[in-house]
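Undergrad: Based on what follows, work out the 3D shape:
(2 chains)
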Amino acid sequence: MTATLNRQSARRVSKVDRFLTFIRVFLVSLIVIGVVAFLAQQFAPDNPFARWRNPDAMGLTADQFKGLLVSGLSQGAMYGLIALGYSMVYGVLGFINFAHGEVFMAGAMTGFIASEKFNANGLWESNFLLCLVLIIIMAVGISTLMAVLMERVAYRPLRNSPRLIPLITSIGVSFFIQNAVMGLFGPASKSYPRLPEWLSKQRSILTFEIAGTKILVLVVASVSMAGLWYLVERTRTGKAMRAVAEDKEIAALMGINVNRIIVTTFAVGGAMAGVAGILWGLLFRGVTHMTGFLPGIKAFTAAVVGGIGNLGGAMAGGVALGSAESVAPLVILEPLGVPGVSQLKDAAAFTVLVLVLLFKPSGLFGERLSAEDRT
Amino acid sequence: MSASATPAWFQLDWRRVGRWGGLCALGIVLVSLIGMPVGLDRRIIIEGRLSLGYLALIWMPLLFGYLVPKRIVLEGVENPDPGIRDVLAGLCAGVLAGLGPLLLILGIDNFNLRKPLVNWSPQLLELLTFGRGIGYGVAVWFAICAVLGLVGSSMHVLPANVRRVVSFIAYGLLFISVLEAAIDDLSEGFGLESLTDAMYARRGGLTVKFSIILAVVIGVLSIVTKGRVKGAANHYKGLQGAERKRASMLLFSGVTALCIVLPMFLGMIMNELLANVGLFLLLALGLNIVVGLAGILDLGYVAFFAVGGYTTAVLTSAESPFFTPELHFGFALIVVVAMAGLTGLVIGAPVIRMRGDYLAIVTLGFGEIIRLLFMSDWLKPYFGGAQGITNVPHVDLGFAVVKGTDPRSVFYMVLVLCVLAVYVSWRLQGSRLGRAWMAIREDEQVAEAMGINTVNAKLMAFVVGAMMAAVSGAVLAAKVGSVFPNSFMILVSIIILVVVIVGGMGNIAGVLVGSFVLIGVLGGPRQPGLLQEFQSYKLLIYGALLVFMMLKRPEGLVPSARRSQELHQEEFLQDAWLKGEDHDIEEAAEAAAAVGGSEGTGDQA
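TA: Residues are numbered from 1 along each chain as shown, chains lettered A, B, ... in the order given. Predicted structure coming up:
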């Protein structure tokens, strides 16, 4: 009896497995066909394979492709910065801080308010760099404060509850912040003042035509990342953070103030999100109360892609996700004959998440979690 | 030394007072700047005295005044008796709370922050100063906050009976004024307009005279009914076997009769509201199976709702470009259920083995992907893109026609479906599958070790939940007569999640209560509830409610016994320990040791 039961259950499980294999094969073949058709198109626009699914396919010129790649990279750098917050909190506390996207939005919103004030008294035009530094400091301050407050009010009382409880709480926090910000500042989209001409003009670097804003985004993101790397890998606080992520109890026994380290983790994650918020404002100029939602989820995707708990991975995952989302619709879907591919950008990002979790749930660079968080 | 100098009744916990008072002041500022007082001022609670806008502010000093002297009750620790100290603490916190309006009034008067803060407006100043100048406004606010803080904290000092009567009157008046539209509607149906005309003022709100009468009536009622309701409930809970069954049948048939008869006396708006509640109840029952029973946090639940709506629209609408033979709603419903099951399997299979929290985010991604696909130009030939599919026909049942313009018919259809869904969930709960779900929720690894095929059981939960959501979507499509991708935002999933959690996860009664209270009073994602003025603030309230419930009462308003034991495991263990039940544990341990020992000796022999 038990033997038949076992066999039965084994067979049922394998049905799910078979289906998963089917999905894997399907997705991979979709990607391969898309890429091959794209390449065929690039080499010889008239060959039958390129015309197979999409007779009107135009292909991409080298400049177009580079442009896509650069915007993907700069957006990805932003995702990476946000992803750091998800990754660090997940590493230390083992739950997804769903409201982290809202911390990012708060940074962007602060930047908007401050920059508008600067613009009103002319400082934005006359001394842009000073303004930039000031708004970054303010956004970092507000975002950090918000993240710390969030931890204190909503997450600390739930420290030892089942994993889904803080996740549900953070969904509530996210909802609350979104709508509070809408109530406070109104639902209309707000746009940052115009950037000075010397910054936003196109520059050519290594044959890449890059808008100055994107260079700024990449530079600021790399500087913040370097700072974070130094903090985590080279300072005592960083060492303590790593220890807490490894095992909270033992870290406490070693004389580490776990509560303080957790607050620091939230603060650092919030600061990075604040920087990302300013970069978002400079790059896209428009901010609303919903700004945090999609980038937040995509940043979490980036954290998973890079391996959760792994900081370098989060940054790399962000960059990978950003470029995938801007390149994939045109490279894979367009040759397959899908019209209106730019609408499917977000869908492509989520598909990346599903793909990574199907093939390598621990991420491209390996996750770093304590044993208890791994189950 | 200073402590000995101050009299005993003045030894307050100043830190506590400062904290709660400060929080209250902050809360008043936040709520004012979010725009609630001005936005809600239209809705009047008591004519000429109190509007919902002011109520949005003054509940805070009352509540915080109550919280300041509140002590944590611990078993084995004697709390000092509440006394004058506590009342004083409430008063001080109230005075501190008065700083909130003070800052706002002075701030709005002297600075112009209209640019980022949209509600930094003269209207707010007007409202805060009662239109009578700054000095008057500040003085009155300090007085109001202090008095309310005093009232709140004196709740601890009053005898239980008085406290009961006071809270009954407050809740009763609030309840009756919130239900104004419903009562108005109902009395019109019964031909009792003269009563409601006396009760409610023309511009809305209770009349002063009538609210005094009502207060007296409720007060008397609360004294008369004291303990009876609870006694009846306990009596019902205590019933066994056949008697319990008979009582349940009686209760059930009573509720059914009420549900059938009541809508006949209600007008359009109330029936519409009930139909909406039913639709969301159907959704919530489905999510209750997924989240409440099986413990799978599915944030993309709206995907199934969308699948139901779109399948119905494609199959029945003449406008749908893709499927020409137009089916009857009944056949479409069968296809919808099958479709939903299939979608549940397809979405469920890849995610079912993931960690719980990854699963939540991935399902959220799927929910968004499905909406984006319905909206995309790619699938426009099938689903109509952003314009959606219009012209979904009415449901012709032969003896009646269900159509959106006649909400009563929709309500009856939804009622039938809800009863069916409740029956299905109830039967599933006690079944082998239901018990497997609960085991998985409590501990997946142990459940697997007990021989449960966790993958299959979880997939089944997904599928059953999907089917209920899809049926709800089908009814929505038929009711509204069209489907648009933007009716299926992630927002819907989260609101349903709030409904399930506030009501009580894993408990059918809880889900019923949750959807009536939340969807009925505050409204759904697009559908207005009884408090239509809350339209722009309800999402904020949903968010705050979700956080509050998770922090303070994760088992919900109507908890399921097992679920609350799970959530308060430590407290249960502690209680058991304090009551000296550890003897049993020790005995069990000794018995186990004895058995182990005898086995050991057996081995040696």
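Undergrad: what's the nearest residue to residue 344 if we skip its chain neighbours?
TA: No chain in the question, so chain A it is. Leaving aside its sequence neighbours, A:Leu344 sits nearest to A:Pro329 (Cβ to Cβ, 6 or more residues apart in numbering or on different chains; 5.4 Å). Where C-beta positions appear, they are placed from N, C-alpha and C, glycine not excepted.
Undergrad: not what I meant, chain B
TA: Closest residue in space to B:Gly344, ignoring its immediate chain neighbours: B:Ala466 at 3.3 Å, by Cβ to Cβ, 6+ apart.
Undergrad: isn't there a helix covering the one you found?
TA: Yes. Assessed by DSSP: H, G, I helix; E, B strand; the rest coil, B:Ala466 belongs to a helix.
Undergrad: So it versus chain A, what's the distance?
TA: Separation of B:Ala466 from chain A (Cβ to the nearest Cβ, to the nearest Å): 16 Å.
Undergrad: isn't that residue right next to B:Val302, touching?
TA: No. Between B:Ala466 and B:Val302 there is no contact under Cβ atoms under 8 Å: 11.1 Å.
Undergrad: who in the stretch 51-200 of chain B is up against chain A?
TA: B:115-119 (Cβ under 8 Å from any Cβ of the partner chain).
Undergrad: cutoff 10 Å now
TA: Proximity of the stretch 51-200 of chain B to chain A (Cβ under 10 Å from any Cβ of the partner chain) is limited to residues B:113, B:115-120.
Undergrad: next one: the stretch 501-605 of chain B
TA: Going by Cβ under 10 Å from any Cβ, the residues of the stretch 501-605 of chain B near chain A are B:501, B:505, B:536-552, B:554, B:566-567, B:569-570.
Undergrad: and with 6 Å instead?
TA: By Cβ under 6 Å from any Cβ of the partner chain, the residues of the stretch 501-605 of chain B that approach chain A are B:539-540, B:543-544, B:546-547, B:550-551.
Undergrad: so where's the chain shaky on pLDDT?
TA: With no chain named, the answer covers chain A. A:1-14, A:45-60, A:337, A:371-375 (pLDDT under 70).
Undergrad: think we crossed wires, I meant chain B
TA: For chain B, the ranges with pLDDT under 70 are B:1-10, B:75, B:77, B:320-321, B:569-570, B:572, B:576, B:578-605.
Undergrad: cutoff 50 now
TA: Within chain B, the segments meeting pLDDT under 50 span B:1-3, B:594-605.
Undergrad: Can you spell out the domain ranges of it, please?
TA: B:1-157, B:159-231, B:268-490, B:569-604 (automatic domain parsing).
Undergrad: So which of the residues of the stretch 501-605 of chain B next to chain A sit within helices?
TA: Taking DSSP state H as the definition of helices, these contribute B:539-540, B:543-544, B:546-547, B:550-551.
Undergrad: Of the residues you listed, which is the nearest to B:Asn79?
TA: If you rank those by distance to B:Asn79 using Cβ to Cβ, B:Leu551 comes first, at 22.6 Å.
Undergrad: Just give me the neighbour total for the closest residue to the closest one other than its chain neighbours.
TA: Distances taken as Cβ to Cβ, 6+ apart put A:Pro157 closest to B:Leu551, at 5.6 Å, once the chain neighbours are dropped. Other residues within reach of A:Pro157, judged by other Cβ atoms under 10 Å in any protein chain shown, total 14.
Undergrad: So A:Pro157 lies in a strand, does it not?
TA: No. Remark: A:Pro157 does not belong to a strand; assigned using three-state DSSP, it is helix.
Undergrad: And the strands in chain B, which stretches?
TA: Remark: strands assigned in chain B by DSSP state E are B:44-46, B:50-51, B:395-396, B:401-402.
Undergrad: Name all residues that make contact with the residue nearest to B:Leu150 when sequence neighbours are not counted.
TA: Leaving out its chain neighbours, the residue that sits closest to B:Leu150 by Cβ to Cβ, 6+ apart is B:Leu91, at 4.7 Å. The contact partners of B:Leu91, taken as Cβ atoms under 6 Å, 6 or more residues apart in numbering or on different chains, are B:146, B:149-150.
Undergrad: ok, the residue most central in space within chain A - contacts?
TA: By Cα atoms, centre = their mean, chain A has its centre lying nearest to A:Ala299, at 1.9 Å. Applying Cβ under 6 Å, 6+ apart to A:Ala299 gives the contacts A:79, A:82-83.
Undergrad: Run the contact check for the helix or strand encompassing A:Gly85 versus chain B.
TA: Using DSSP states H and E, A:Gly85 falls within helix A:62-93. No. If you take Cβ under 6 Å from any Cβ as the test, helix A:62-93 misses chain B, and the best it gets is 8.5 Å.
Undergrad: Now that helix: buried residues?
TA: Going by neighbour count (16 or more other Cβ atoms under 10 Å in any protein chain shown), the buried part of helix A:62-93 is A:66-93.
Undergrad: what about the residue nearest to B:Gly344, neighbour count?
TA: B:Ala466: 30 surrounding residues under other Cβ under 10 Å.
Undergrad: now the one 4 residues further on
TA: For B:Ala470, the number of neighbouring residues by other Cβ under 10 Å comes to 33.
Undergrad: got a list of what it touches?
TA: Here B:Ala470 is in contact with B:304, B:307-308, B:336, B:340 (Cβ under 6 Å, 6+ apart).
Undergrad: do B:Thr316 as well
TA: B:326-327, B:329, B:332, B:392-393.
Undergrad: Among the residues you listed, which ones are in helices?
TA: Among the contacts of B:Thr316, DSSP H puts B:329, B:332 in helices.
Undergrad: Could you export the contacts of B:Thr316 as TSV, including neighbour count?
TA: Listed next are the contacts of B:Thr316 as TSV, based on neighbours: other Cβ atoms under 10 Å in any protein chain shown:
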residue	neighbour count
B:Glu326	15
B:Leu327	15
B:Phe329	22
B:Ala332	25
B:Val392	30
B:Pro393	16
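Undergrad: how close does the nearest residue to B:Gln527 once chain neighbours are set aside get to chain A?
TA: Once flanking residues are discounted, B:Gln527 sits nearest to B:Asn276: 4.3 Å by Cβ to Cβ, 6+ apart. Separation of B:Asn276 from chain A (Cβ to the nearest Cβ): 20 Å.
Undergrad: Same question for B:Ser560.
TA: 16 Å.
Undergrad: If you drop the residues flanking it in sequence, what lies closest to that residue?
TA: B:Asn507 (3.7 Å).
Undergrad: Counting neighbours, what do you get for the one you found?
TA: Residues lying near B:Asn507 (other Cβ under 10 Å) number 26.
Undergrad: residues contacting the residue in the stretch 251-375 of chain A that chain B sits nearest to?
TA: Nearest to chain B in the stretch 251-375 of chain A, going by Cβ to the nearest Cβ, is A:Gly340, at a distance of 3.1 Å. Applying Cβ under 6 Å, 6+ apart to A:Gly340 gives the contacts B:376-378.
Undergrad: So among the residues you listed, which ones count as buried?
TA: Neighbour counting with 16+ other Cβ under 10 Å marks B:376, B:378 as buried within the contacts of A:Gly340.
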